[in-house]
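Asker: turn this into a model:
(chains A and B)
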Amino acid sequence: MDSRLLSGAVEMLMLEVISHGPTYGYEITQTVESRSQGYFELKEGSLYPALHRLEEQKLVKSSWQEVDGRRRKYYELTTAGRKALAVKKTEWNAFASGIQGVLGGGDSASLMPVI
Amino acid sequence: MLETDEITKSLPPPRDDEPASLRQDIVDEIRDHMQCSLRRELLVGRGDETQARQRVLDRFGNPHVVARRLWFQAMWSKIMTQRLVIGSLVCSIVVSITLVVIVGLLMGRMDQQQRDQQAFNIALIEKMGSLMVPPVAAAPRDPNWNHLQIRMTGGTESGPPASGVQVLVSRQPRIGEDLPTPSEPPRSVIVDPSGLADCGDVPPGNYRVMVVTAWGERTNLNVTVKPGADHLERIIVPVKTPAPTKVSLQVEGIKPGPKSKHLLVARFGSCDRDFAGRSWTTGGEIFGRSIVLLAIDTNRRAWLAEIPMEMLTDSLYALPLPALVARANWSPLDSTEQISLPANRYYLSFVRVALNEDVSFDSPQWRSSIGSDTYDMPEKYNVGDWRWQSFTANAAEPNLWKIIIPNEIFEIDAQPSIPGTN
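Answerer: Okay, here's the model as predicted:
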C-alpha cells in the first residue's frame, strides 16, 4: 500500500487497537497485522515514536508491569484518546465512503456540476 | 538478546534535565519487544535461534537508531527550550553590544559637533568683538568710597576659613540722617572659600554688620569705615552649635499653699553665649520652630510645655499663653528630672498669672479664637508684672537653676493648679 495513504491512518489504527484494553508495542503490531490479514505491517521504527507521540498528546497513558522477569510498558486509551479515535473514525469513514462512491460507480448524476 | 549497555551506549550523553528513568524505559521497551518477537520466531520454528534472531533484527531495524530517536523525541522540547534560551541570550548580548557601540559612536559624533560649535562660537565672538565699538571705560571709582572686607575664621584666629557664613551689612544713620532708606537695603554677602566676605566699595560711615552661621546663630558688630581707607574686619565664628547639657530646676522661696489659682509662668526667651569675645545668640526661640514654657504652681511643681510656632501668631504672643496649651502638652518635672538644653545663657521671662475662673484649656473655642478680635483672655486672667532672670547652662555639668519666688508673688488662697491638670 502507498505509504502516504497509510501514514495518516497509522495513529487511528493504533488507537483502535489500544481502545480494546491495555496492550503493549509488540501486541499492537501483531494485532494490526492479523486483523488486516497481513496487509498492514507496522515497523517498530515508526511504531514506538508514534506511541510516544500519542502519550505526549495525552491520548494514551502508559504503565509498567513485570512479565517473565522483564519490564513491559502497557498503553491504554485516555478519555481524550477515545474522543480523538471517534473523530478519526468518522473522518475515515466519510473519506472511504466518498472513495467507494466514486470507484463503485454510484449515482453519476450527483457528480454533475450544479448550474 | 540485546544487552542493556549496548543500547545505552548508543544514546546521547546524559543531561541534567533528563528524567532519571528515561534511558532504562527506552531500553526495556525495545528489549521486551525483541524478546516477544524472538519467542514468536522460535515458536513458528523457522530455522535455528541464530536465524530467528537475525529475522527479528531484520524486521525491527536498528535498535540503536530507534532508541536514539525515542530519546530525542522525549527530550526534544527541553533541548529546544534550552537552545531558545541560549539563542535569546546571545541575541540580547549582541543587541546590547550593538547598542553600546551605536551610542558610543553617536556620543562621539555629538561631542565632535559640540567642539565644533564651541570653536565656531568663540570665533564668532572674537569676530563680533573686533567689530564692536570699544567699551567706554568704567566710571572712575568714587575716591571717597572704600573697600569693606571681613575675614572670618572658624573656632580660633588661626582656624580654617569660615566659608558659607552669611554677612548682612547695613549703613547706620549719621546724626540728622534718616536711614535706612528703601533704596539702601542691607547688603548680603556669603563668605567665600578663602574665608573672605567682600562687601565691595561703600561710602564712609558707620555700618552694622550681622554675621549669621549656617545654623542661625548670629552676632552683631559696628564697623566704622573712615574716608580714604579700606576696612578689613576680622571675626572668629563658632564652628558648631552649643553642646547639649543637662539642667536641673530647683524652686525655692515659696511655701506650698492649700489653694491657689495662681501660676508663675516663664517663657524661655532669648539665649546667647560668649564666643571669642563676642556674644552670639540664636534669637528668641531656642528650639527652632517652637517656644518653650515653664510653669510653676504654688506647690513648687514645675511643668514644661513646648508649643509649635505655627500655633501662634505674633499678636497673640502675650500671656496668658498657657491657655493655648492643651492639657496633654504640659509635662510635669519632678525634683530629679533634668532638662536638656544647648550650653547657653538663657533669659526667662516670668509673669504671674491669676486664673479668675475655671477654664477648659483645650476647649475648641479657645483654639478657634486665635487671631480674632473676640479673644477674651483678659476676662479670664489677670496677668501680673513681667520679671526676667538669666540662667546659664554650662557645658560642664551639673547645672542647677534655682528659681526663687518671693512670697508676695502669689496670694496663697486657692487650690494649686496647672491649667487643666487638676
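Asker: ok, B:Pro186 - contacts?
Answerer: B:Pro186 makes contact with B:168-170, B:180, B:210, according to Cβ atoms under 8 Å, 6 or more residues apart in numbering or on different chains. No exception for glycine: its C-beta is placed from N, CA and C like everyone else's.
Asker: biggest helix in chain B by residues?
Answerer: Ranked by number of residues, the top helix in chain B under DSSP state H is helix B:63-131.
Asker: ok, now chain A?
Answerer: Chain A, longest helix under DSSP H: helix A:79-103.
Asker: and the contacts of it?
Answerer: Against helix A:79-103 from outside (Cβ under 8 Å, 6+ apart): A:9, A:11-12, A:15-16, A:18-19, A:54, A:57-60, A:77, A:111.
Asker: centre of the chain to the helix or strand containing A:Val32, how far?
Answerer: Here A:Val32 sits within helix A:25-35, counting by DSSP states H and E. Centroid separation for helix A:25-35 versus its chain: 11 Å, with Cα atoms, centre = their mean, to the nearest Å.
Asker: what about B:Asp230, how many neighbours?
Answerer: Close neighbours of B:Asp230, defined as other Cβ atoms under 10 Å in any protein chain shown, add up to 13.
Asker: quick one on the thing from earlier: buried set for the longest helix of chain A?
Answerer: Neighbour counts over helix A:79-103 (16 or more other Cβ atoms under 10 Å in any protein chain shown) mark A:81, A:84-85, A:88 as buried.
Asker: got the residues of chain A near chain B?
Answerer: Selection of chain A residues close to chain B by Cβ under 8 Å from any Cβ of the partner chain yields A:24-27, A:30, A:43-45, A:48-49, A:52-53, A:56, A:64, A:67-68, A:70-73.
Asker: at 7 Å instead, please
Answerer: Counting by Cβ under 7 Å from any Cβ of the partner chain, chain A comes close to chain B at A:25-26, A:43-45, A:48-49, A:52, A:70-73.
Asker: where in the stretch 251-400 of chain B is pLDDT low?
Answerer: Applying pLDDT under 70 to the stretch 251-400 of chain B flags the ranges B:253-265, B:269-270, B:283-291, B:298, B:307-330, B:335, B:350-388.
Asker: element containing the residue most central in space within chain A?
Answerer: Centroid-nearest residue in chain A, with Cα atoms, centre = their mean: A:Leu13, separated by 1.5 Å. In this assignment (DSSP H and E), A:Leu13 forms part of helix A:3-18.
Asker: and for B:Thr245?
Answerer: strand B:244-252.
Asker: domain ranges for chain B, per the record?
Answerer: B:1-135, B:146-237, B:244-409 (automatic domain parsing).
Asker: can you list the residues of chain B near chain A?
Answerer: Residues of chain B lying near chain A by Cβ under 7 Å from any Cβ: B:28-29, B:31-33, B:35-37, B:60-61, B:66, B:69-70, B:73-74.
Asker: now do 8 Å
Answerer: So far as Cβ under 8 Å from any Cβ goes, chain B lies against chain A at B:25, B:28-33, B:35-37, B:40, B:59-61, B:65-66, B:69-70, B:73-74.
Asker: which of those fall within helices?
Answerer: Among the residues of chain B next to chain A, DSSP H puts B:25, B:28-33, B:35-37, B:40, B:59-60, B:65-66, B:69-70, B:73-74 in helices.
Asker: on that earlier part again, for the strand holding B:Thr245, which strands pair with it and how are they oriented?
Answerer: Each strand that pairs with strand B:244-252, with its direction, by DSSP bridges: strand B:338-342 (antiparallel), strand B:399-404 (parallel).
Asker: how about these in TSV, adding distance to B:Ile236?
Answerer: TSV is the format used below for the strands paired with strand B:244-252 (distance: least, Cβ to Cβ, whole Å):
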stretch	distance to B:Ile236
strand B:338-342	19
strand B:399-404	25
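Asker: can I get those in TSV with mean neighbour count and distance to B:Ser248?
Answerer: Shown next, in TSV, are the strands paired with strand B:244-252 (neighbours: other Cβ atoms under 10 Å in any protein chain shown; distance: least, Cβ to Cβ, whole Å):
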stretch	mean neighbour count	distance to B:Ser248
strand B:338-342	16	5
strand B:399-404	15	5
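Asker: tell me how many other residues crowd A:Trp64.
Answerer: By other Cβ under 10 Å, neighbour count at A:Trp64 equals 14.
Asker: and it, what element?
Answerer: A:Trp64 belongs to strand A:60-67, assigned by DSSP H and E.
Asker: which residues touch that strand?
Answerer: By Cβ under 8 Å, 6+ apart, strand A:60-67 touches A:15, A:18, A:22, A:51, A:54-55, A:71-78, A:81, B:25, B:28, B:32.
Asker: for stretch B:50-58, what is the average pLDDT?
Answerer: For stretch B:50-58, the mean pLDDT works out to 85.
Asker: which parts of that stretch are buried?
Answerer: Buried residues in stretch B:50-58 (16+ other Cβ under 10 Å): B:52-53, B:55-57.
Asker: roughly how far apart are A:Glu85 and chain B?
Answerer: No Glu there; residue A:85 is Leu. The spacing between A:Leu85 and chain B, counted by Cβ to the nearest Cβ, to the nearest Å, is 22 Å.
Asker: can you pull the pLDDT of that residue?
Answerer: 93.
Asker: same check, this time on B:Asp230
Answerer: For B:Asp230, the predicted pLDDT is 86.
Asker: please apply the same query to A:Gly81.
Answerer: Here, the pLDDT recorded for A:Gly81 equals 94.
Asker: residues of stretch B:211-219 that come out buried?
Answerer: Buried-residue list, stretch B:211-219, by 16+ other Cβ under 10 Å: B:211, B:213, B:217-219.
Asker: so what's B:Leu99 scoring on pLDDT?
Answerer: For B:Leu99, the pLDDT comes out at 94.
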